[in-house]
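Asks: The following block contains a protein sequence and its predicted model.
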Amino acid sequence: MSSCFWASACQAENSCGARRVDRQRWINLFAAIAAITVFGFALGLMFPLLSLVMEENGVTPKVIGYNTAMQPLGILVAGFIVPHMTRRFGTKPVAIAAAILTASLIVTYPFMPIFWGWFAMRLIQGFAVAILFSVSEAWVVEAASGPARSRIMAVYTGVLSLSFGLGPALISLTGIDTILPFFIGAAVLLAGTLPMFFYRQTEAFAPDSESSGLSIIGFARLAPILIVAVGMFAIIDAANLGLLPIYGVKKGLSRETAALMLTAFIAGNIVLQFPIGWIADHWSKRGMMSACAIATAIGSFLVPWAFATWLIWPVLIATGAASAGIYTLALAELGERFSGHELVAGTAAFSTMWGGAALLGALLGGLAIERFGPDGLPYAIAAVFLGFILAIAARTFLRGRAPTRV
């Protein structure tokens, strides 16, 4: 009788404990997505705001481009340091410190000389931004466990794309002639730290100074296809964000209509991620990633052919969805294979690859337009993704006894 009582009590206690753990996991997931969404809004505001302010002050497009490149450079540098920082201090304190640093930089911009001060500030901002996104994405990926992982990551990717898209809309309300958008951006970013206080850092993300840990180079050796997948997404994302409206204008569209091409591309990032995640959860993440790469290559190739017809709009939406789906599925597979500080090393490696590939994408797109005319942009993107498809096929064929090291 006594043993039955204690057995029942233990079962009840274990059940309550499991429910508490599951509830905290969802709280952690919500807190991480809420924080990174707010960060996305603030940073989506800063990219066009700084460029417009520099242009208004007579800075040449070439110098504006050099200044903009400082942020991806900072992201590149941070990727090698973030895993060591989080192992030393834990993820939560590092992320909060990075948010405060970024907000401080944003409110400082209006009071610094544009030509020299902003270069150093953009570099530091890129460093801090890499910390924010590496840590926050690690939190999201860790909390998004279970059979619905790809769908949860799809919701995250869609919400993040939406928040980035809403950031520039603030400029139409505030203008660029005052310090107001800078202070709003800083305030919004600081608000993103509030959800972090509801995040309960798991033991896997606690400080662990005695562990040598996994570097981003070591991670790249373990998961080369995931790293390359992030690079592919960064290439098309940077190339189209910077050059798709220019492509439309050079093909004869008005600036307003050309801007709608970018809107259609981003809309695919937002509205079609969940179906992609659902298919991946019920079929195969790697198979769906390959399908997204094929769809992106085909969609990019079709852009010039569909340009003069109404088909250009669904082509852009589908291409945007497929390209973002590659990133969504890379994050989902990352969460399946890695945990704790190795997961932070993975998201840091993703950030580093994104920074480098975004620079390459902008350069490749500009050179393609200059060398081959406007249609060189989509054709160059299609060629890059064709190479990615061949790399996946070759890796799958050659992996042999090491199927997990892809």
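Replies: Sure, I can see it. Numbering: from 1, shown residues only.
Asks: Nearest spatial neighbour of P374, chain-adjacent residues omitted?
Replies: Nearest residue to P374, sequence neighbours excluded (C-beta to C-beta, 6 or more residues apart in numbering): K250, at 4.1 Å. Every C-beta, even on glycine, is put in place using the N, C-alpha and C of the backbone.
Asks: contacting residues for the one you found?
Replies: I369, G373, P374 (C-beta atoms under 8 Å, 6 or more residues apart in numbering).
Asks: if I look at the first one, how far off is K250?
Replies: Using C-beta to C-beta, to the nearest Å, one obtains 7 Å as the distance from I369 to K250.
Asks: quick revisit: phi, psi for the residue nearest to P374 please.
Replies: The phi/psi pair for K250 (degrees, to the nearest 10) reads phi -70, psi -20.
Asks: again, but for D177
Replies: phi -90, psi -10.
Asks: Okay, buried residues for the helix or strand encompassing G361 please.
Replies: Here G361 is covered by helix 340-372, with elements defined by DSSP states H and E. Going by neighbour count (16 or more other C-beta atoms under 10 Å), the buried part of helix 340-372 is 340-362, 364-366, 368-369.
Asks: Repeat that for stretch 324-342.
Replies: Those would be 324-335, 338-342, for stretch 324-342 by 16+ other C-beta under 10 Å.
Asks: do the same with stretch 26-37
Replies: By 16+ other C-beta under 10 Å, the buried positions in stretch 26-37 come out as N28, L29, A31, A32, I33, A34, A35, I36, T37.
Asks: again with stretch 116-133
Replies: Buried residues in stretch 116-133, counted by 16+ other C-beta under 10 Å: 118, 121-133.
Asks: Take those and keep only those in strands.
Replies: Using DSSP state E, no member of these sits in strands.
Asks: any chance of those in CSV, plus distance to A220 and pLDDT?
Replies: CSV is the format used below for the buried residues of stretch 116-133 (distance: C-beta to C-beta, whole Å; pLDDT from 0 to 100):
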residue, distance to A220, pLDDT
W118, 32, 90
M121, 29, 93
R122, 26, 90
L123, 23, 91
I124, 25, 92
Q125, 25, 91
G126, 20, 87
F127, 20, 90
A128, 23, 90
V129, 21, 86
A130, 16, 85
I131, 19, 88
L132, 22, 87
F133, 18, 84
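Asks: what's the most distant pair in these?
Replies: W118 and F133 (21.3 Å; C-beta to C-beta).
Asks: okay, now P195: neighbour count?
Replies: Close neighbours of P195, defined as other C-beta atoms under 10 Å, add up to 20.
Asks: Now do it against I184, distance only.
Replies: For P195, the distance to I184 (C-beta to C-beta) stands at 19 Å.
Asks: neighbours of the closest residue to G44 other than its chain neighbours, just the number please.
Replies: Nearest residue to G44, sequence neighbours excluded (C-beta to C-beta, 6+ apart): G167, at 2.7 Å. Residues near G167, counting by other C-beta under 10 Å, number 21.
Asks: please begin residue numbering at 40 from this point
Replies: Will do, 40 is the new start, and the previous item becomes G206.
Asks: got the contact list for G206?
Replies: By C-beta under 8 Å, 6+ apart, the contact list for G206 reads G79, F80, A81, L82, G83, L84, M85, F86, P87, G224.
Asks: And the helices in the stretch 190-339 of the chain, which stretches?
Replies: For the stretch 190-339 of the chain, the helices defined by DSSP state H, counting those that start in this stretch cover 208-213, 219-230, 255-261, 263-289, 294-310, 312-321, 324-345.
Asks: coming back round to it: any chance of the backbone angles for the residue nearest to G83?
Replies: In terms of degrees, to the nearest 10, the main-chain angles of G206 are phi -50, psi -50.
Asks: now it: how far from P263?
Replies: 33 Å.
Asks: Show the pLDDT at the residue nearest to G83.
Replies: Listed pLDDT for G206 reads 76.
Asks: same question, the one 4 residues further on
Replies: I210 is assigned a pLDDT of 78 by the prediction.
Asks: Repeat that for S378.
Replies: Per-residue confidence at S378 stands at 78 (pLDDT).
Asks: and the gap between Q164 and L406?
Replies: Per C-beta to C-beta, Q164 is found 27 Å from L406.
Asks: Sorry, slip of the keys, the one I care about is F150.
Replies: The gap separating F150 from L406 is 37 Å, by C-beta to C-beta.
Asks: May I ask you to confirm that L398 is in contact with Q110?
Replies: No. Taking contacts as C-beta atoms under 8 Å, L398 lies outside contact range of Q110: 10.0 Å.
Asks: pLDDT below threshold where in the protein?
Replies: 40-60, 100, 153-154, 240-252, 295, 438-445 (pLDDT under 70).
Asks: Find the residue closest to L209 in space, skipping its chain neighbours.
Replies: Leaving aside its chain neighbours, L209 sits nearest to L84 (5.4 Å; criterion: C-beta to C-beta, 6+ apart).
Asks: Over to that neighbour: give its phi and psi.
Replies: The phi/psi pair for L84 (degrees, to the nearest 10) is phi -70, psi -40.
Asks: So which residues of the stretch 40-189 of the chain form helices?
Replies: Per DSSP H, counting those that start in this stretch, the stretch 40-189 of the chain carries helices over the ranges 41-95, 100-118, 121-128, 130-147, 153-182, 188-205.
Asks: Need those in CSV (columns: distance to N279).
Replies: Output for these, formatted as CSV (distance: least, C-beta to C-beta, whole Å):
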stretch, distance to N279
helix 41-95, 14
helix 100-118, 16
helix 121-128, 27
helix 130-147, 25
helix 153-182, 20
helix 188-205, 13
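Asks: now for those helices, which one comes closest to L425?
Replies: Among the helices of the stretch 40-189 of the chain, helix 188-205 comes nearest to L425, with 23.6 Å by C-beta to C-beta.
Asks: Give the buried residues for that closest one.
Replies: Here helix 188-205 shows 188-204 as buried, counting by 16+ other C-beta under 10 Å.
Asks: can you check stretch 304-323 too?
Replies: Neighbour-count burial for stretch 304-323, with 16+ other C-beta under 10 Å as criterion, is recorded at 304-309, 311-313, 315-316, 318-320.
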